[in-house]
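K.L.:
fold the following, please.
(one chain, ligands or ions: 2)
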Amino acid sequence: MVKATIQLPASKSISNRALIINALGKGIYSPENLSDCDDTQVMIKALTEGKETIDIMAAGTAMRFLTAYLSVTPGERTITGTARMQQRPIQILVNALRELGAEIEYAGNEGFPPLHIIGTELKKNEITLKGNVSSQYISALLMIGPVLKNGLTLHLSGEIISRPYINLTLQLMNDFGAKAAWTAPNRISVAPQPYESIPFTVESDWSAASYWYQIAALSSKEEIELLGLFHHSYQGDSRGAEVFSRLGITTEFTAKGVKLKKTGNAPKRLDEDFVDIPDLAQTFVVTCALLNIPFRFTGLQSLKIKETDRITALRNELKKLGYLIEEENDSVLMWNGERCEPEQTPMIQTYEDHRMAMAFAPAAIHYSNLQIVEPQVVSKSYPNYWSDLKQAGFQVICEE
Ligand SMILES: O=C(O)C1=C[C@@H](OP(=O)(O)O)[C@@H](O)[C@H](O)C1
Ligand SMILES: C=C(OP(=O)(O)O)C(=O)O
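P.N.:
Ligands and ions are numbered 1, 2, ... in the order given. So this is what the prediction gives:
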């Protein structure tokens with residue numbers, strides 16, 4: 001029996017947007033309930049310490065959003081991150097900013113952080129960029145739109161991935177008094193209308209919630225309540241609730257958050273497109289395998305450039321638990337029920353990826369010997385994950 005009431009961490013995606021918007025708007029109110037996770041802490045430091053060299057560690061949002069922010073903010077700075085961050089591409093954003101007039105140089109390898117940026121006034125106001133690699137480039141550009149002299153129009157080419165994150169950006173920008181909207185299926189326009197300062201409270205993180213839905217799905221009995229989630233959420237990952245309802249976990253919204261209910265229904269298989277919800281891929285791959293539900297998950301093309309190559313990491317680690325997952329075109333993961341002998345004491349590697357640790361920990365419900373290597377990685381988005389699991393009665397063995 002898993003019984004817990006969990007105060008989830010605040011969303012890092014919302015926190016980091018609110019911080020950038022607040023800095024651009026020179027607000028009088030500070031956003032409330034900011035996340036205490038690493039990715040938000042590095043953003044706060046970058047915006048308040050005024051250092052010449054900014055280290056954002058492993059935070060993709062901080063790297064991309066600050067690159068645009070520093071391009072329009074007086075001063076000369078170098079922005080860098082972990083070794084993995086220096087392998088995560090940023091050329092599309094750098095080219096777009098340069099085309100607008102930004103002064104950015106690569107301080108290491110061409111196309112990747114670290115970057116040397118001299119803040120300047122950007123004069124151009126219309127560009128085309130690819131929408132099929134990372135939506136964070138688009139969000140980064142949109143957020144500086146209101147402070148550009150002539151506003152900004154973006155034309156996006158290719159299939160647009162992670163679209164709900166673009167919509168989250170637009171939603172927050174509009175809440176803070178900007179005028180930004182889709183003006184065609186592939187075009188977004190931002191008016192040169194400055195941000196206003198408003199009191200703002202950050203919602204809990206729906207991506208973090210997914211690990212508790214997973215725990216509910218894998219345990220025989222549960223009473224789980226998650227605090228701080230809203231019914232009409234800004235976060236695309238709130239769609240996880242609907243996908244979990246197909247796996248027999250329904251959501252009851254209360255005044256404080258959500259209560260999870262187990263219906264006992266399970267589908268014969270699960271097919272889903274993750275192009276809008278890439279951060280939930282690990283949750284559902286592990287959950288379906290352990291529930292013995294064959295699946296085909298498409299839209300995973302961004303997984304290779306995240307904290308680690310998540311396609312490879314998932315296949316490697318699930319094999320240790322006895323599941324043979326197949327991959328297609330770097331963008332599909334599927335499982336037809338094929339098994340192999342599980343390891344006696346599976347040591348799950350986390351590859352500096354918080355979501356590997358968080359998505360595999362619930363597997364301890366079925367594999368009592370399971371160990372998680374480098375468990376501290378969870379601090380990227382959910383520092384209290386292990387203490388919350390402990391509160392819920394879990395004993396996961398963590399290998400430091
Ligand atoms: O804008 C954001 O807050 C995010 C966008 C997504 O990245 P991509 O757009 O690179 O897929 C997501 O994976 C990441 O965790 C957070
Ligand atoms: C991909 C993620 O983060 P980021 O790209 O912001 O580092 C994530 O949190 O899963």
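K.L.:
surely E272 is in contact with L300?
P.N.:
No - with contact defined as C-beta atoms under 8 Å, E272 does not count as touching L300 (10.3 Å). The C-beta positions use only the backbone N, C-alpha and C, and glycine is treated the same way.
K.L.:
tell me which of those two has more neighbours.
P.N.:
L300 (24 against 18; other C-beta atoms under 10 Å).
K.L.:
my guess is the more buried one contacts M334, does it?
P.N.:
No - L300 is not in contact with M334 according to C-beta under 8 Å; the separation is 10.4 Å.
K.L.:
common neighbours of E272 and L300, please.
P.N.:
Here E272 and L300 share no contacting residue, scored by C-beta atoms under 8 Å, 6 or more residues apart in numbering.
K.L.:
which pLDDT value belongs to the residue of the stretch 51-200 of the chain found nearest ligand 2?
P.N.:
At 2.5 Å from ligand 2, G60 is the closest residue in the stretch 51-200 of the chain, using C-beta to the nearest ligand atom. For G60, the pLDDT comes out at 98.
K.L.:
tell me which stretches of the stretch 101-250 of the chain form helices.
P.N.:
135-144, 163-175, 206-218, 240-246 (DSSP state H, counting those that start in this stretch).
K.L.:
show me what from the stretch 51-200 of the chain comes close to ligand 1.
P.N.:
T61, S134, S135, Q136, S139, I161, S162, Y165 (C-beta under 6 Å from any ligand atom).
K.L.:
and the two most separated of the residues you listed?
P.N.:
The span of those, defined through C-beta to C-beta, is set by T61 and I161 at 15.2 Å.
K.L.:
can you add mean pLDDT and give the helices of the stretch 101-250 of the chain back as JSON lines?
P.N.:
Shown next, in JSON lines, are those (pLDDT from 0 to 100):
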{"stretch": "helix 135-144", "mean pLDDT": "99"}
{"stretch": "helix 163-175", "mean pLDDT": "98"}
{"stretch": "helix 206-218", "mean pLDDT": "98"}
{"stretch": "helix 240-246", "mean pLDDT": "98"}
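K.L.:
output the ones you listed in TSV; the columns should cover mean neighbour count and distance to ligand 2.
P.N.:
Formatted as TSV, the helices of the stretch 101-250 of the chain follow (neighbours: other C-beta atoms under 10 Å; distance: least, C-beta to the nearest ligand atom, whole Å):
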stretch	mean neighbour count	distance to ligand 2
helix 135-144	26	6
helix 163-175	20	10
helix 206-218	26	7
helix 240-246	18	13
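K.L.:
for N384, give me its contacts.
P.N.:
Counting by C-beta under 8 Å, 6+ apart, N384 has contacts P9.
K.L.:
do you know how far it is from A208?
P.N.:
10 Å (C-beta to C-beta, to the nearest Å).
K.L.:
between those two, which contacts overlap?
P.N.:
P9.
K.L.:
what is the neighbour count of D309?
P.N.:
17.
K.L.:
show me the contacts for the nearest residue to it once chain neighbours are set aside.
P.N.:
Distances taken as C-beta to C-beta, 6 or more residues apart in numbering place L303 nearest to D309, at 7.2 Å, with adjacent residues excluded. The contact partners of L303, by C-beta under 8 Å, 6+ apart, come to P278, A281, D309, R310, I311.
K.L.:
any idea which of those is closest to L154?
P.N.:
Using C-beta to C-beta, the contacts of L303 come closest to L154 at P278, 20.6 Å.
K.L.:
I'd say the closest one and G299 touch.
P.N.:
Yes - between P278 and G299 there is a contact under C-beta under 8 Å: 7.4 Å.
K.L.:
of these two, who's got more company?
P.N.:
P278 (24 against 19).
K.L.:
how close does that one get to L333?
P.N.:
12 Å.
K.L.:
find residues that contact each of these two.
P.N.:
By C-beta under 8 Å, 6+ apart, the residues touching both P278 and L333 are L300.
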